[in-house]
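Participant: prediction below, plus the sequence it came from.
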Amino acid sequence: MSGKAQADVIIVGAGLAGLVAASEAVARGRSVILLDQEGEQSLGGQAFWSLGGLFMIDTPEQRRMGIRDSHALAQSDWMGSAQFDRAEDANPKAVAEAYLDFAAGEMREWLHGIGYRWFPIVGWAERGGAMAHGHGNSVPRFHMTWGTGPGTVAPFERLVRAAQAAGKLTFAFRHRVSELIVTNGRACGVRGDVLQDDPAERGHSTNRTVSGAFEFLADSVILTTGGIGGDHTMVRKQWPTERLGNAPQTMVAGVPDYVDGQMQRAANAAGAGIINADRMWHYTEGLKNWDPIWPNHGIRILPGPSSMWFDALGERMEAPFLPGFDTLGTLKRILSTGHGHSWFILTQKIIEKEFALSGSEQNPDITSGKWLEVLKARLLGKGAPAPVEAFMQKGEDFVVAETLEQLVSGMNALTPDVPLDPAHLRSQIEARDAQIGNPFAKDAQITAIRGARAYRGDRLIRTAKPHRLLDPTAGPLIAVRLNILTRKSLGGLHTNLAGQVLREDGSTFDGLFAAGEVAGFGGGGYHGYNALEGTFLGGCIFSGRACGRSV
C-alpha cells in the first residue's frame, strides 16, 4: 500500500496495544489503517515474545491457590511502588487508579470472553522485600496466559483479521512513518517511506531500503510504537545517573533493534509532550543468548529465591537485593561496584526447580498450551527444563563444576579483569549453609525461601527445598554471570485517561492519541518508578482499549 489513503483512524504500530486499539475502533464503526515498519510476520510486536503475564486482582485463579487479594491491597502495593512525586504525575496516577479498577473488575471476564485462558498457578513476581508501605507485590498476581506471548496476541489478532476480511481495516506493513501531518493544530495523518519487502523471520533485523513514499489521512491518529530499549544510545542518554548510578558499559538487549523510539521523537517534534523519560525498567539477570534472534539478544532468568547473589567484587548482596524481589534497587546495588555484572551461585537441585527463562520461545511447553507438555517439562522430566539445559551447555555465562575452587576458577576465566577470591566466597557460602540446620535463621534469604514455600504455588514448581549449597549430593555447583538487560521505558508521551496526547503546556493535542509503551503504558508513565510485573501487557491492553474507544 503506497501513495495516499484515507480512513477514520490511523494506528501506527501493530503490536498488542495497536491490535487492541484497532479492534475497539472497528467495533465502534470506525474504518482503520493499521501500519507498521516491520512485515506481517512481526504482527503482535514485542508481546509475541513475552511470557504473557497479566496483573489482575482477586481472580478465581488466585482464590483457588489460597490467595486473598483485594483492590485496596493492590492499590497500596501500586502506590508504594510508583512513588509518584512530580507535578506531571497527575495523569499517570489517574491512569494507574483506573487500571486498578479494571484489573479488579471487568478485565478477566472481558479477556476470558474473547478467548484468554491462564495457567492455574499464579506467579509471585517483584516481591519488594523491604517495607509493607513500599515497593512490591504483597501477594502473587502474575497471571500467565496459556500460550504465553502468542496466546496473548492471538485473540486480538483474530478480531483484527476479521475486520480486515469485512473491509473495515487495512494493513500497511513495511510503512515507516517519519512525520505527523498537523493542520491547524490537529493531527490528521502521517507520511513516510515504504520499505522494501524483507522475508526475515520475526524479530530479526530487516532492511531499510526505501521503495516508495506514502501519505495517509484520518480524523484521528493513534501511536502504539513502543519504547527505546533496542537503542542503547537513547537508553544511555536518558539514564537516571543520580538515581541508579552510571549506566553499565555493556548491556544486552531484551527487545529487537526496531524498538528505537523514533515515532516518539517524531511526535515530540510535532509538539507532543514527553514526561518521565528518565524512568525506565531494566533487568539485572540477563544472559547473552547463545542462539540470538535480534542483535545483542539477551534473555532474562526468572529466578526462584534460593540462588546466592554476589556482586562483581564477590560480596554477597544483602536484602532486599535477593532474586525476584526488587529489580531497580538491585540494579542500583550492582552498579555501585563500578561494574555491570553480578553472579548467581547455586546447585543442580536449585536450577532444576527454580530456573525459568523469560519469553515465549524459551517456554515451549506453556506456549503450546498443552498440559501434557507442561507436566513433561516441569514435573515429570529429569534435570532442568530443556531451554535452561541448553543455556548451561552452550551459553557463555554459565560455569559448572564439582568443587567451589573449580567453580571460581571458571568464573575468573570469564571475568579476568575482576577476579574473585575463592576463600572469601567460601566463607560467605559456609555461613549461609550453617543456617540450614535449624527451622530458625537470622539470614534474610533463608527466611524468604521458607516464606516462599508457604505459598503452595511456589512450593510446587518454583522453590527448591532448602539445602546446603556445598552439599555434594545437591551438586554440581553452578555459577551464572548476570548482565544488565534493557527492556522497558516507564515514561513517554503524556496522555490523559482517554489516551489523548497532551502538548508540552498540558493542553490537548487534537486528533492525536497514544497507547502502550510509547505512552509509558498510559498517562506518560502509570508505573511511576517501579513496575509490579504483568503491568506491561496489562497496560498495553488497557491503554489500547481506551484509545480505541475514544476515537
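Facilitator: Received, thanks.
Participant: would you list every one of the helices in the stretch 101-250 of the chain?
Facilitator: Here the stretch 101-250 of the chain has its helices, by DSSP state H, counting those that start in this stretch, at 107-113, 148-165, 232-238, 241-244.
Participant: same list (those) but as TSV, adding mean pLDDT, distance to F536 and mean neighbour count.
Facilitator: Where C-beta positions appear, they are placed from N, C-alpha and C, glycine not excepted. Output for these, formatted as TSV (pLDDT from 0 to 100; distance: least, C-beta to C-beta, whole Å; neighbours: other C-beta atoms under 10 Å):
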stretch	mean pLDDT	distance to F536	mean neighbour count
helix 107-113	98	15	16
helix 148-165	98	11	20
helix 232-238	96	17	16
helix 241-244	97	19	12
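Participant: could I get those helices as JSON lines with distance to S427?
Facilitator: Compiled in JSON lines, the helices of the stretch 101-250 of the chain are given as follows (distance: least, C-beta to C-beta, whole Å):
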{"stretch": "helix 107-113", "distance to S427": "49"}
{"stretch": "helix 148-165", "distance to S427": "41"}
{"stretch": "helix 232-238", "distance to S427": "37"}
{"stretch": "helix 241-244", "distance to S427": "30"}
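Participant: looking at the ones you listed, which is closest to P472?
Facilitator: helix 148-165 (36.4 Å; C-beta to C-beta).
Participant: list the helices and strands that closest one packs on?
Facilitator: Counting contacts by 3 or more C-beta pairs under 8 Å, 6 or more residues apart in numbering; DSSP states H and E, helix 148-165 is packed against helix 16-27, strand 169-173, helix 364-368.
Participant: who's in contact with that helix?
Facilitator: Under the contact criterion C-beta atoms under 8 Å, 6 or more residues apart in numbering, helix 148-165 has outside partners 16, 19-20, 22-23, 26, 32, 34, 43-44, 47-52, 54, 111, 114-117, 145, 147, 169-171, 359-360, 363, 366-367, 369, 537.
Participant: check those for burial and list the buried ones.
Facilitator: Buried members of the contacts of helix 148-165, scored by 16 or more other C-beta atoms under 10 Å, are 16, 19-20, 22-23, 26, 32, 34, 43-44, 47-52, 54, 111, 116, 145, 147, 169-171, 359-360, 363, 366-367, 369, 537.
Participant: quick one, helices of the stretch 351-500 of the chain?
Facilitator: So, for the stretch 351-500 of the chain - with DSSP H, counting those that start in this stretch - the helices run 364-368, 371-374, 386-394, 404-414, 422-433, 444-453, 456-461.
Participant: can you put those helices in a markdown table and add distance to V194 and mean pLDDT?
Facilitator: What follows is the helices of the stretch 351-500 of the chain, written out as a markdown table (distance: least, C-beta to C-beta, whole Å; pLDDT from 0 to 100):
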| stretch | distance to V194 | mean pLDDT |
| --- | --- | --- |
| helix 364-368 | 33 | 86 |
| helix 371-374 | 41 | 78 |
| helix 386-394 | 38 | 93 |
| helix 404-414 | 45 | 98 |
| helix 422-433 | 57 | 98 |
| helix 444-453 | 52 | 94 |
| helix 456-461 | 48 | 88 |
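Participant: out of the ones you listed, flag the one nearest N289.
Facilitator: helix 386-394 (8.4 Å).
Participant: just the CA coordinates for the closest one, please, in CSV.
Facilitator: The C-alpha coordinates for helix 386-394 follow below in CSV (Å, rounded to 0.1, in the frame of the first residue of the first chain):
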residue,chain,number,x,y,z
ALA,A,386,15.3,-28.1,28.1
PRO,A,387,15.8,-24.4,27.3
VAL,A,388,17.7,-23.9,30.6
GLU,A,389,19.8,-27.0,29.9
ALA,A,390,20.7,-25.6,26.5
PHE,A,391,22.0,-22.4,28.1
MET,A,392,24.0,-24.5,30.6
GLN,A,393,25.6,-26.4,27.8
LYS,A,394,26.0,-23.6,25.2
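Participant: check which helices and strands that helix is in contact with.
Facilitator: If you count contacts as 3+ C-beta pairs under 8 Å, 6+ apart, helix 386-394 packs onto strand 356-357, strand 398-401.
Participant: surely N276 and N91 touch.
Facilitator: No: under the criterion of C-beta atoms under 8 Å, N276 makes no contact with N91, lying 10.5 Å away.
Participant: which neighbours do those two have in common?
Facilitator: With C-beta under 8 Å, 6+ apart as the test, N276 and N91 both reach G524.
Participant: re the thing from before, out of the helices and strands packed on helix 386-394, flag the one nearest I228.
Facilitator: Ranking the helices and strands packed on helix 386-394 by distance to I228, with C-beta to C-beta as the measure, places strand 356-357 first at 23.6 Å.
Participant: quick one: mean pLDDT over that closest one.
Facilitator: When pLDDT is averaged along strand 356-357, the result is 90.
Participant: show me what that strand pairs with in its sheet, parallel or antiparallel.
Facilitator: Using DSSP bridges, the strands paired with strand 356-357 are strand 298-302 (antiparallel).
Participant: which residues are contacting the partner strand?
Facilitator: Residues outside strand 298-302 that contact it (C-beta under 8 Å, 6+ apart) are 51, 125, 251-254, 283, 285-289, 324, 344, 355-359, 362, 391, 480, 482-483, 485-487.
Participant: just the buried positions in the helix or strand of the chain with the lowest mean pLDDT, please.
Facilitator: Lowest on mean pLDDT, DSSP states H and E among the helices and strands of the chain sits helix 371-374, with a mean of 78. For helix 371-374, a neighbour-count test (16+ other C-beta under 10 Å) marks V374 as buried.
Participant: which residues does that helix contact?
Facilitator: 364-366.
Participant: which one of those residues is nearest G383?
Facilitator: Among the contacts of helix 371-374, and counting by C-beta to C-beta, the member closest to G383 is D365, at 14.1 Å.
Participant: from G13, how far out is L502?
Facilitator: 19 Å (C-beta to C-beta, to the nearest Å).
Participant: look at these two and report which has more neighbours.
Facilitator: Legend: neighbour count by other C-beta atoms under 10 Å for L502 and G13, higher for G13 (28 against 23).
Participant: turn the helices of the stretch 351-500 of the chain into CSV, including distance to I67.
Facilitator: Converted to CSV, those look like this (distance: least, C-beta to C-beta, whole Å):
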stretch, distance to I67
helix 364-368, 20
helix 371-374, 20
helix 386-394, 27
helix 404-414, 38
helix 422-433, 29
helix 444-453, 13
helix 456-461, 8
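Participant: mind checking which of those helices is nearest D510?
Facilitator: Here helix 364-368 is closest among the helices of the stretch 351-500 of the chain (C-beta to C-beta), at 42.0 Å.
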